[in-house]
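Chemist: Pasted the sequence and its predicted model underneath.
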Amino acid sequence: MSHITSKQNVEQPPDEAAPEITAATRKTEGTAATPKAEIESRPLTYLFTGGGTGGHVYPGLAIADEVRSRNPEARIVYVGARGRMEASLVPKRGYPIHLVHARGLPSGRQPLALLRFAVSTGFGVLQSLFHLLRHRPRMIVATGGYASSPVLLAHWILKSLRLSGARRCFVHEQNVVPGKVNRLAGRIADRIGVSFEASLGYFPPEKTTWAGYPVRREIGAMSRDAARASQGLPADAKVVFAFGASSGARSINRAVVDALPGLLSRPDIHVIHVIGQTRSPDYDAKADTRSRLERLGLAGEHLSRYHQSDYSHEIETLYAASDLVIGRASAGVVTEIGICGIPSILVPLPYAPGDHQAVNARTLESRGAARVVYESISVEDGQTIGVVDGERLARLVLEILDDPAGHAVMSRRARETFDRNGLDRIVDQLDQMLAVSQARSAHPDRADDPDRPADHARSNGNPDEMDANDAPEPDEPAGPGDPGDPIVPPASALSPFALVRRFAEGRDEAFIEFVGEDYLKYRVDGFLKDGRWPIRNEGVKLAGLLGYRDRLPFILTLLRDRTPAPFFQRLLGGDYRQVGFIRRNAVTAIGRLGVYDAPVRAVLLDLLADPYYEVRSAAALAFADLAHGLETADADWERDEEVLTGLRGLLRESSFEIRSAAIRALGRMGDGAVTEWLRPFYQDPNGKVRQAVIDALADLVRRKMIVDLDSIREELDEILVTSNHFEPDFPIRRTLNRLIGMIRNQQEAP
Amino acid sequence: MIYHLVTYLFDTVDALSFLRLFQYLSFRAICAALTGFGVTLLFGQRIIRLLYVNHVRDNPRSHGALSSASKAGTPLMGGLLIVAAIFASVLLWSDLFNRFTLVFLCALVWFSLFGFIDDYRKIRHRDSDRGLSQATKLFFQAVFGFGFGLVFLLPGLSPVSAEIASELYLPFVKDPVLDLGWWYLPFIAFVIVAIANAVNFADGLDGLSIVPVSFTVVVYGVFAYVIGNAIYSGYLQFTFLPGSGELTVICAGVFGACMGFLWYNAYPAQVFMGDVGALPLGGIVGTLAVLLKQEFLFVITGGIFVAMAFSVLVQEKIGIKWLGRRIFYMAPLHHAFQYRGLAETKVVIRFWIIAGILAIIGLSTLKIR
């Protein structure tokens, strides 16, 4: 069924599925256009809620605009969180807003933060109860984000007390992977509309439909020339429009500024840069961008083609005017630029829930509608931040702009990927829900008729197959040969633990090619800067297993990080925020990466005195591994006195593990003189230590460090060879293996 | 059943009065031990072959124990053998109307059943990580613990008299230290869960758990003999529990079955007991401890198990999950010793020695009170 205009819709609800209801509605009031009338003397009130970030506010506002345009008499009230995006956005759109207390669920288990969350939400629920009772809305529209949780909980309370009357609740989910609030809301709501079919599985099926993303009417409505004229841009220029999320993104802002010299050197390129209004202690978008810009010292002529603002209320005009968009890959942004048919360079927000931005971006890339640039990580003032290479961004922009044919293809592909009827479908559904609840209150005997989601919503227009394949299938490991999913393997295969298991035996090249090395690196970066240590730990292992040498500086920073662990952990033997496992695995990763330069050596030397025993032994072994690669024999071999002294210090340790590691390392790094240090261990009570001594002596002999071979041979008699350890040998298994080998050989050789 | 048959015979036929011998606990205990041992020995070889042929084999774990790779493919579920032997000796030589016996049989059946389910799942999925989850096992253990606690505390059902059912006794102390009332119910559940798990952790090396279990069972058997005897219990100042002497026969049966299993399980093992063996063994030791009101005796005699459980909890829950570091080289304890370079046989025999010494210390609490 094709798109139905709003006009038709008002006069004739397209609801063949429920003709009775339509009839009932007609009977009571003629048309659905003024559904208040006799039943309620109050004006029809919609209460919108959702927010915390712009991504949850804009869809709500788009729906509100459409509701108002269909029914100018409807009252619209917005309830949002204090001090967040909605507080400024909503009044600007001309809707009254009530601010309530709300707080995001803290990650991790900090009791204080949880308490603050509980108190704040409890208070918010009380406030929301008051607003619900005061406005008595007929319809609640929630668009997700923690700002909507107090209202939803208040509604749930009223509903369970049977005080909500005929009030209906609609929840819209914008992302593939629903947020925490919306998952909860799925139980409270009467209906749920999702933007991607892949999210259907997260909600009760009987009340969930695919609705699409509500794109405002203004988006894509303006012509390019008019837009450029209004912005004062030449009609024949190439316009690049860059913006982070509504709150601004440091990585994008900095990369855009860094890309300016490359871009503005072309006389026909204009750059529109909306930097956002972030002002936190970590990052002040405006000041940071200004100082970076000053450092570049661009010529005045160049700067005249750089248009910067903190915030734009006419983003639709900017879209219409631009040839290329650089931005985040949130559902809203990708849908909007898709509808406008603009090629884009997407920088997904790392580690968003379910990594949905990366999924969005990769999907568009696989359709040929966009290019993806992943953030990598860097440390600045002791803080881990995401960075994008500005020069690389500039090259990519020029590549796209310099190829008009390719540009046209990208533009077409973008347009094909999205349909723009989401808004209509959603508001149709709201109307239908109201009509049903109206009918129900008019004819209580028909109350058994549940307001089923309209079936037409699914088949309407171009069902967005974009994410049809992305449903996570937790138990099915994805292999490169899996035909099910050409784009992204299921989330479970990309979890840090699954990746470590997969690469433990070495680089699985087929899988790497399948997933994309860039994307894999970006995943690893996400793990490395995660707040939870078990994730960081897997990130460190992966960096080593995959041989990402460019992450070495970051690993070294992790190892230099001496921030103490929380008090209670220290009480039980914890030490630093980068816990023992992370440090041990980081050292092992360094050993794997095989780079032995001054910073690595300095860090490893420090770690020989680490408080955690496994780190000390791993550091000694890392020396052994790395020095092994440097073995240049006689000519330019040099005794590293400092390292050898450090290793010698470890020989006094009580842990046999450390002693063995240090002894092995001495064998690899030392010269004939170290045999003197090894002698006391010839009769060590622990057999593994003696074994290490033998290995070390063997290394020294192999490296031709021992001159007096006769005396060393005599000394070998001193080594205690009785041992508590032996390795069992089952001859029957050996023979069987030989038989199997013979059979295999004969099978292979015809 | 022999017990019931013989009792019937000498009651009715005067000429058979010499069969009164079968009334004596000590004689029946010896018979039970021989039966348990005999049954395992007799059917061991056949059952092991049957298990192997039906692919009831241990799969190499993807991670964990050190030298197990070389033993991959060893038949699993040898616990069936133990359970069957215990059943045979108990059914033949015990008074089946005794409440202590009935509670014991319930424990044996319950723990064997879900141990069997656990092993069966592992074998069907060919993956030793696909058995019942830790939480499910805990749940089943706790269900039994609470059910057993309820029976124990309800005067109409309990094998012990109501006045002392909820009293708490400690080793080395003559009188009960305090009356827990209904709080004794969660305490029983805790004891069952703790002991069942502790024994389960110990099942990691050939013969490692079976010998300490049999030592523990012997100690409890001796205690049952004393506590169930009015004269001895009076002399050694224990609270007399009428009927508990029957547990001596049962303990002897368990001991026999354990020895028979060790015949095959000794290094290098021909069969592993699996959860169908480890869970019931843990479950019945826990049940014995509660039935004889000697829960804390397990801390001494089962010190090996307690140490292993403790090392696992500390290592996993505090070290690996929370602090992000190892606290022991490895856990459970026996792997830590292997890691230090001790061969499996050495570790196992040393643990046996320690278990034996702990059993002797446990027995000394009979007199030192």
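Modeler: Received it, and whenever you're ready, just let me know what you need.
Chemist: contacts and neighbour counts: CA atoms only from here.
Modeler: Fine.
Chemist: Got the domain ranges for chain A?
Modeler: When chain A is parsed with automatic domain parsing, its domains come out as A:6-213+A:421-459, A:224-417, A:472-594, A:596-725.
Chemist: Make JSON lines from those domains and add mean pLDDT, mean neighbour count and distance to chain B to it.
Modeler: Output for the domains of chain A, formatted as JSON lines (pLDDT from 0 to 100; neighbours: other Cα atoms under 10 Å in any protein chain shown; distance: least, Cα to the nearest Cα, whole Å):
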{"stretch": "domain A:6-213+A:421-459", "mean pLDDT": "73", "mean neighbour count": "20", "distance to chain B": "12"}
{"stretch": "domain A:224-417", "mean pLDDT": "83", "mean neighbour count": "19", "distance to chain B": "21"}
{"stretch": "domain A:472-594", "mean pLDDT": "80", "mean neighbour count": "19", "distance to chain B": "5"}
{"stretch": "domain A:596-725", "mean pLDDT": "88", "mean neighbour count": "18", "distance to chain B": "4"}
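Chemist: Minimum distance to A:Asn745: which of these has it?
Modeler: A:Asn745 sits nearest to domain A:472-594 of all the domains of chain A, at 25.5 Å, using Cα to Cα.
Chemist: Tell me who's in contact with residue 275.
Modeler: No chain was given, so I picked chain A. If a contact means Cα atoms under 8 Å, 6 or more residues apart in numbering or on different chains, then A:Ile275 has A:243-244, A:248-249, A:253, A:285-286, A:289, A:308-311 as its contacts.
Chemist: that answer is for a different chain, and I need it for chain B
Modeler: Here B:Asp275 is in contact with B:77, B:79, B:115-116, B:118-119, B:200 (criterion: Cα under 8 Å, 6+ apart).
Chemist: which SSE is the residue positioned nearest the centre of chain A in?
Modeler: Central residue of chain A (Cα atoms, centre = their mean): A:Tyr351, 1.9 Å from the mean position. Applying DSSP states H and E as the criterion places A:Tyr351 outside every helix and strand.
Chemist: In chain B, what residue comes closest to chain A?
Modeler: With Cα to the nearest Cα as the measure, B:Ala343 is the residue of chain B nearest to chain A, at 4.5 Å.
Chemist: residues near that residue, how many?
Modeler: 18 (other Cα atoms under 10 Å in any protein chain shown).
Chemist: residue contacts, the closest residue to it other than its chain neighbours?
Modeler: Here the nearest residue to B:Ala343 in space, its sequence neighbours aside, is A:His725; by Cα to Cα, 6 or more residues apart in numbering or on different chains that works out to 4.5 Å. Counting by Cα under 8 Å, 6+ apart, A:His725 touches A:687, B:341-343.
Chemist: ok, of those residues, which one's closest to A:Ser492?
Modeler: Distances from A:Ser492 to these, taken by Cα to Cα, are shortest for B:Gly341, at 37.5 Å.
Chemist: rewinding a little: got CSV for the contacts of A:Ile275, with secondary structure and distance to A:Glu336 too?
Modeler: Listed next are the contacts of A:Ile275 as CSV, based on DSSP: H, G, I helix; E, B strand; the rest coil; distance: Cα to Cα, whole Å:
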residue, secondary structure, distance to A:Glu336
A:Phe243, strand, 13
A:Gly244, coil, 14
A:Gly248, coil, 18
A:Ala249, coil, 18
A:Asn253, helix, 20
A:Ala285, helix, 24
A:Lys286, helix, 26
A:Thr289, helix, 26
A:Gln308, strand, 21
A:Ser309, strand, 20
A:Asp310, coil, 20
A:Tyr311, coil, 17
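Chemist: Looking at those, which one is closest to A:Arg734?
Modeler: When the contacts of A:Ile275 are compared against A:Arg734 (criterion: Cα to Cα), the nearest one is A:Ala249, at 61.8 Å.
Chemist: re the thing from before, considering the contacts of B:Asp275, which possesses the most neighbours?
Modeler: B:Met77 (27 neighbours).
Chemist: That residue reaches B:Phe272, doesn't it?
Modeler: Yes. B:Met77 lies in contact with B:Phe272 (Cα atoms under 8 Å); the separation is 6.3 Å.
Chemist: Give me the pLDDT for B:Gly234.
Modeler: Predicted confidence (pLDDT) for B:Gly234: 91.
Chemist: In which helix or strand does it reside?
Modeler: Using DSSP H and E, B:Gly234 falls in helix B:230-235.
Chemist: Give the buried residues for that helix.
Modeler: Of all the residues in helix B:230-235, those buried under the rule 16 or more other Cα atoms under 10 Å in any protein chain shown are B:230, B:233.
Chemist: what packs against that helix?
Modeler: Judged by 3 or more Cα pairs under 8 Å, 6 or more residues apart in numbering or on different chains; DSSP states H and E, helix B:230-235 is in contact with helix B:210-227.
Chemist: by contact count, what packs against the helix it packs on?
Modeler: Counting by 3+ Cα pairs under 8 Å, 6+ apart, helix B:210-227 packs on helix B:230-235, helix B:246-265, helix B:275-291, helix B:297-301, helix B:344-364.
Chemist: Looking at the second one now, give me its mean pLDDT.
Modeler: Looking at helix B:246-265 alone, the average pLDDT works out to 96.
Chemist: one step back: list the contacts for the residue of chain B closest to chain A?
Modeler: B:Ala343 touches A:724-727, counting by Cα under 8 Å, 6+ apart.
Chemist: about what we covered before: ok, the contacts of A:His725 vs A:Ile426, which is closest?
Modeler: B:Gly341 (68.3 Å).
Chemist: excluding its backbone neighbours, what's nearest that closest one?
Modeler: In space, B:Gly341 is closest to A:His725, 5.5 Å off (Cα to Cα, 6+ apart).
Chemist: do B:Asn98 as well
Modeler: Among residues not flanking B:Asn98 along the chain, B:Gly243 sits closest, at 6.8 Å (Cα to Cα, 6+ apart).
Chemist: Can you get me a residue count around the one you found?
Modeler: Quick note: B:Gly243 (other Cα under 10 Å) scores 19 neighbours.
Chemist: related to what we said a few turns ago, out of the contacts of B:Asp275, list just those in helices.
Modeler: Under the assignment DSSP state H, these contribute B:79, B:115-116, B:118-119, B:200 to helices.
Chemist: Put together a markdown table for those residues, with distance to chain A and pLDDT on each row.
Modeler: A markdown table is the format used below for the ones in helices among the contacts of B:Asp275 (distance: Cα to the nearest Cα, whole Å; pLDDT from 0 to 100):
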| residue | distance to chain A | pLDDT |
| --- | --- | --- |
| B:Gly79 | 24 | 94 |
| B:Gly115 | 25 | 93 |
| B:Phe116 | 25 | 94 |
| B:Asp118 | 20 | 91 |
| B:Asp119 | 21 | 91 |
| B:Asn200 | 25 | 90 |
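Chemist: Tabulate these (TSV), appending distance to A:Arg328.
Modeler: TSV is the format used below for the ones in helices among the contacts of B:Asp275 (distance: Cα to Cα, whole Å):
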residue	distance to A:Arg328
B:Gly79	59
B:Gly115	53
B:Phe116	54
B:Asp118	48
B:Asp119	50
B:Asn200	52
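Chemist: State the distance from A:Ile377 to A:Asp530.
Modeler: Going from A:Ile377 to A:Asp530 by Cα to Cα, to the nearest Å gives 11 Å.
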